[in-house]
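1. pasting a predicted model and its sequence here:
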Amino acid sequence: MRKIKLPGLIKGLGVTFKTLVRTLTKGSHTVQYPRVKESPPPRARGVIALHEENCTACMLCARECPDWCIYIEGHKYKAPPRRPGGKPRKKNALDRFDIDFSLCMFCGICVDVCPFEALFWTPEYEYSELKIADLLHDKTLLSQWMETVPDFEDYEAGSEAKKLTVPR
Amino acid sequence: MIQLSSHEETTEEEIEIPKRDDIREDLISKLKDDLGESLVATEIIAEVDVWARVTKEAWLETAQILLTRYNMKYFNFLSAIDWLPSPFGRDMDAQVDQPEPVTPEEMTWGTTGGETRFQLLARVHDPENHLGISLKVDLEDTDLSIESWSSIYPGADWHEREVSEMFGITFLNHPNPVKLYLPGDFEGYPMRKDFALLARRIKPWPGIVDVEDMPGEESEEDEVDA
Amino acid sequence: MSDTADTKQMAYIAAQAADARVNLEIETEGMTLNIGPQHPATHGTLRIVVRLDGEQVISADPLMGYMHRGYEKLTEVRTYPQVTTLVNRIDWLGSFANEVPFILAAEQLMEVEAPPRAQWIRTALFEMSRIANVVLFLGDMGVQLGAVTPVFFAFRDREFILNQIEAVTGGRFHPNFDRIGGLKDDLPKGWIDETRGVLKRIRNFCDEIETLVVGNEIFQSRTRNIGVIPADIGLSYGLSGANIRSSGVDWDIRRDGGVGLVHNELDWKVWTHPDGDSFARFWVRLQEVRESCTMIEQILDGIPSGPVMAKVPRIIKVPAGEAYVETENPLGVMGYYVISKGDLTPFRVKIRSASFNNVSITPWLLKGVYVPDVISILASLYFILGDIDR
Amino acid sequence: MSVVLADLAYWQETTIRLLVGLIAVLLPAGTLVYLFLFKMMSFMQSRLGPMEAGPYGSLQLLAEVGKFLQKEDILPKAADRLIFKLAPFVVLISTFLLILVIPAGPDLWFIDVDTGIFLGLAVSSISVIGILMAGWASSSKYSLLGALRATGQLIAYELPMVLAVVGVIIQAGTLNVQEIVMAQATGEIFGFGGIGNPYVITQFVGFLIFLIAVQAELTQPPFDMPVAESELVTGYLTEYSGLRFLMFFIGEFATAAIFSALAATLFLGGWYVPGLEPTDNLFNVIGPIVLLGKMLLVAFFIFWFRFTYPRFREDQLQQLAWKVLIPLSLVNIVITGVLKVVF
């Protein structure tokens, strides 16, 4: 059958009408945000979580941060020796760990450079504030994000990367 | 297109031989004929790129020659380099507002060398044979002006305006020598190395703080347990 | 670009100029109109001061700098890994593609090469960022010409591509995923199959746009023979990407001498159009999205196994030297001229962004057109403000 | 309405007329905005549109009106204050005058004049003056350009619109709108009178021209150059905010509704549905609803075009009007006249 060549104007009307019908019958592509939430993929960089026990206040993240938005303070203390009779060990204690999310540009360098697995990304994104100063997340708040950190995903076939685990 | 000479064909260990790049060699040797004394220095990284440094007087002529004789119809970019080592370093330890500028190290130059603090850098390309060349020219501190390319490559117009406001280089015979990005009354040349990056000065580097002993405790051992 | 069209354009310009002269002689006073910096059509803060005679442009002078962020200066105080977080904000719609040439330039200086798997995934993400970028153009062009619907289609389908990019990199707009010597991470499980589904959607979107916009007679009458750029003039202004390919120049860095990406191992076609007008630019971009889908499909079939990261030192110091690497980014040729002095930071980075050159032709191009065509020509040149101002 | 109101005092009659007039303008306008601008447009773009205010977002309009009322009423410093303030009223007046001529039932009308359709088309042009006032008084270049475009456009498209209606007038043999409806109700097509004679069938070309002209008259895409957002910000509306902008907005959509109603009246048989006696008193009840339904049908097309097409350039628009539509409508008149004489 020979196809009749319709003017583009009329074909264009068809496209919008088809979409109209599709939206009416199959639903829209948008979601009603505060009621329905989409779940970002596990790798999504939403907010940074701190696993406080692992942090040694080594300052690497604060130094590598391109925006200078991580503030760390710590002090050294003597921990009791591992074996009885041994020398007391010297350890770093973390006094302050703040990330200023009003400055952060979510590059993830701090998470990458952390040698002790103390920083993690979580896909959590609902932490907007009315005052910009409230975006400075302190140690306690950053540790609370730890609950929302998802497990790392499996890798696609052919990968040689090693799957890491999230310390809980 | 690359014709290997007989000498290379007979050599056993071909990997050992530094790669030859006949197209670029050819271009340079032709340029030498065309420009003569004006071609100061050249450099080739085989199968990667080619550089040439010309004298200031030959700057306009070089563009004309490249466009007409070498089919370098495509204007890629034009910029400048300030070879002065930054007196501020990376500004990582900026604790005070106006620190003493660090004594600059000795000036060193990159590919094809150089003699002056400011160099102009331009690149043109042959879109048919896929061959590009980066050009450099020295600019004396006492006379930071040079002929404009915009009569040959109209696209150089904006690039030259940018360079002129960012580095303070004057382009002669430029059709519209006004600032491109900066407000008209802006003072100073932001891309010069001695122009301080204020964003890094107004705030101390958080990484400067180190974990220290509590006051009163002396440090006995150096190693720290993880 | 055929000769006849060229002469036509020249005759047109001459006629407009003559008209303008006549009008000036009878002392009609022109009007200066500020388009921007805040204007619905400039997607960003581009300001164009046009001198009008009626609705005809006598001269147009773009003023930029409202968004200049000084990236060239900032790179001088940032380490190489930190630079990628900056540069993916240059063209924020196709941001992964911004990282690639810089990383390739650094790799060239360090003489390391990413492992094959990393190169393939890099190419896939590179093409996906092209889709994410150009799909928005295809919708936006409609909105600039007054059709509201295509842009919503574009946002709708771009979302799927962004989701796929996010699933790999963790960032929708600013992936910061490319590393010197490879990639930050490998693909997550199931990604390849999902991406195949997404590509079907993109192809479907292209078909929709073809009927809704390209086939529309009003659209054609608004774009055909408008803003004609002859190939030679385009080249001398440094136009690149689809802008120059739509003037009939068969030149694509992905095919002709691109380094570090695997385009040459794929089976694809460089699209050109002889006309050089707004319609040609739109049409070429539409075909390129389809071509990108083809490329990604081939990549998904052929990703080799292996590591995604070569052995590079933990603290990256790039040996002294200079390198210029350019790639065929969504907006055109993007290159980084990196000068290293063997330090942690680059000594100087010249960012050759595509839009800067693409827009520099506007004073020439906009002479003698009508105000509505100013908008359609600007839209068809397709610039991103971040890419002009850097 | 004249019958219903016969034995009321003058002030009572006037109050009722005023209220009915307000409803007749605002209700269709609101329906159009909600049904087409909010919902149909959203669906055509794979989204849902406003959903929060009221069930399925149905009270969104009230929220919008509330929002506009709260906004600051900005008056540009250099503006011509009096004319700037007056302009929205002039546009609204044209809208309110236009509704007068459209009958909604055999006894439901505001005024019954013998030159009704002529009056309607004449008063519809008053809005141009309002737009020109707005553009001039804003002292903004965008506004001025928009207003001048609007003027040029409305003048160009007034003509094909009138000429398209002339066909109907010839066929009906009257300028009275009520009688045109009656003529459609009682007429017959080549001897077949089952569905009356809605002129959309015999005057199809006229209907098309009328629709296109209405589209341009309403400055809807593809003819929205006067407000072209991507070019002129919003044309003559650029400097308006708050209540004054709302009045323009109401004017725009109320006019869209009324022109759709006019098209429905002239070409689709108005308040009449086939199968019933046109003088039946029932039509005084269902007439308005039937008219609303037919109006929505016409408006659906107007808005469908609006959401699908890109806009013309100003010169292309003028060419379309003068070189295509006007000759076509003249030919239409000639053919209609000839056929009228023959049959």
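-> Good, I have the coordinates.

2. give the contact list for C:W364.
-> Residues in contact with C:W364 (C-beta atoms under 8 Å, 6 or more residues apart in numbering or on different chains) are B:P154, C:I233, C:Y237. In this view, the C-beta of every residue, glycine as well, is placed from N, C-alpha and C.

3. please identify the helix or strand for the first one.
-> In this case it means B:P154. Assigning secondary structure by DSSP states H and E places B:P154 outside every helix and strand.

4. how close does it sit to C:S360?
-> Counting by C-beta to C-beta, to the nearest Å, the separation of B:P154 from C:S360 is 8 Å.

5. the more surrounded of these two?
-> When B:P154 is set against C:S360 and neighbours are counted by other C-beta atoms under 10 Å in any protein chain shown, the residue ahead is C:S360, at 24 against 19.

6. give me the buried positions along the longest helix anywhere in chain A.
-> Among the segments of chain A that qualify as a helix by DSSP state H, the longest is helix A:8-26. Judged by neighbour count (16 or more other C-beta atoms under 10 Å in any protein chain shown), helix A:8-26 contains these buried residues: A:G8, A:L9, A:G12, A:L13, A:V15, A:T16, A:T19, A:L20, A:T23.

7. other SSEs contacting it?
-> Counting contacts by 3 or more C-beta pairs under 8 Å, 6 or more residues apart in numbering or on different chains; DSSP states H and E, helix A:8-26 is packed against helix C:149-169, helix C:217-223, helix D:41-44, helix D:283-308.

8. now those as TSV including distance to D:L59 and mean neighbour count?
-> As requested, the helices and strands packed on helix A:8-26 are exported to TSV (distance: least, C-beta to C-beta, whole Å; neighbours: other C-beta atoms under 10 Å in any protein chain shown):
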stretch	distance to D:L59	mean neighbour count
helix C:149-169	24	22
helix C:217-223	36	22
helix D:41-44	16	22
helix D:283-308	20	20
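
9. could I get the ones you listed as CSV with distance to chain B and mean pLDDT?
-> Converted to CSV, the helices and strands packed on helix A:8-26 look like this (distance: least, C-beta to the nearest C-beta, whole Å; pLDDT from 0 to 100):
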stretch, distance to chain B, mean pLDDT
helix C:149-169, 26, 88
helix C:217-223, 24, 84
helix D:41-44, 40, 86
helix D:283-308, 39, 84
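
10. so which of those gets nearest C:Q82?
-> Proximity of the helices and strands packed on helix A:8-26 to C:Q82 was assessed by C-beta to C-beta; the nearest stretch is helix C:149-169, lying at 16.8 Å.

11. quick one: list the elements packing against the closest one.
-> Applying 3+ C-beta pairs under 8 Å, 6+ apart, one finds that helix C:149-169 contacts helix A:8-26, helix C:116-144, helix C:191-209.

12. list the residues that contact both of B:P154 and C:S360?
-> Here B:P154 and C:S360 share the contacting residues C:Y237, scored by C-beta under 8 Å, 6+ apart.

13. which residues of the stretch 1-150 of chain C score low on pLDDT?
-> Per-residue confidence for the stretch 1-150 of chain C (pLDDT under 70) gives these ranges: C:1-9, C:11-13, C:15-29, C:41-44.

14. one more time with 80
-> C:1-46, C:53-56 (pLDDT under 80).

15. need the residues of it near chain A, please.
-> Within the stretch 1-150 of chain C, the positions lying close to chain A (C-beta under 8 Å from any C-beta of the partner chain) are C:R78, C:T79, C:P81, C:Q82, C:T84, C:T85, C:L86, C:R117, C:T149.

16. in helices, which of those appear?
-> C:P81, C:Q82, C:T84, C:T85, C:L86, C:R117, C:T149.

17. ok, and the most crowded of these?
-> Scoring these on neighbours with other C-beta under 10 Å, the highest-scoring entry is C:T84 at 28 neighbours.

18. just checking, that one touches C:V100?
-> No - judged on C-beta atoms under 8 Å, C:T84 makes no contact with C:V100 at a distance of 9.5 Å.

19. what's the overlap in contacts for the two?
-> Residues touching both C:T84 and C:V100 (C-beta under 8 Å, 6+ apart) are C:D178.

20. could you report the neighbour count for D:F36?
-> By the other C-beta under 10 Å criterion, the neighbourhood of D:F36 contains 21 residues.

21. thought D:F301 was touching it, still the case?
-> No - no contact is recorded between D:F36 and D:F301 when judged using C-beta under 8 Å, the distance being 10.4 Å.

22. give me the number of residues near the residue of chain B at minimum distance from chain A?
-> Of all residues in chain B, the one sitting closest to chain A is B:G207 (3.4 Å; C-beta to the nearest C-beta). B:G207 has 19 neighbours, counted by other C-beta under 10 Å.

23. and for D:V214?
-> Counted with other C-beta under 10 Å, D:V214 comes out at 25.

24. which residue sits closest to it, ignoring its sequence neighbours?
-> If the residues on either side of it in the chain are set aside, D:V214 comes closest to D:F259, at 4.7 Å by C-beta to C-beta, 6 or more residues apart in numbering or on different chains.

25. ok, so of the buried residues of helix A:8-26, who is nearest chain C?
-> Compare each of the buried residues of helix A:8-26 with chain C using C-beta to the nearest C-beta and the shortest gap goes to A:G8, at 3.3 Å.

26. dump the residue contacts of the residue lying closest to the closest one once chain neighbours are set aside.
-> The spatially closest residue to A:G8, leaving aside those adjacent along the chain, is C:G215, at 3.3 Å (C-beta to C-beta, 6+ apart). By C-beta under 8 Å, 6+ apart, the contact set of C:G215 is A:G8, A:K11, A:G12.

27. what's the longest helix of chain A in contact with?
-> C:149, C:153, C:208, C:211-220, D:40, D:42-48, D:304-305, D:307-309.

28. mind checking how far A:C65 is from chain B?
-> A:C65 sits 7 Å away from chain B, taking C-beta to the nearest C-beta, to the nearest Å as the criterion.

29. for chain C, give me its nearest residue in chain B.
-> Of all residues in chain B, B:Y181 sits closest to chain C, at 3.4 Å by C-beta to the nearest C-beta.
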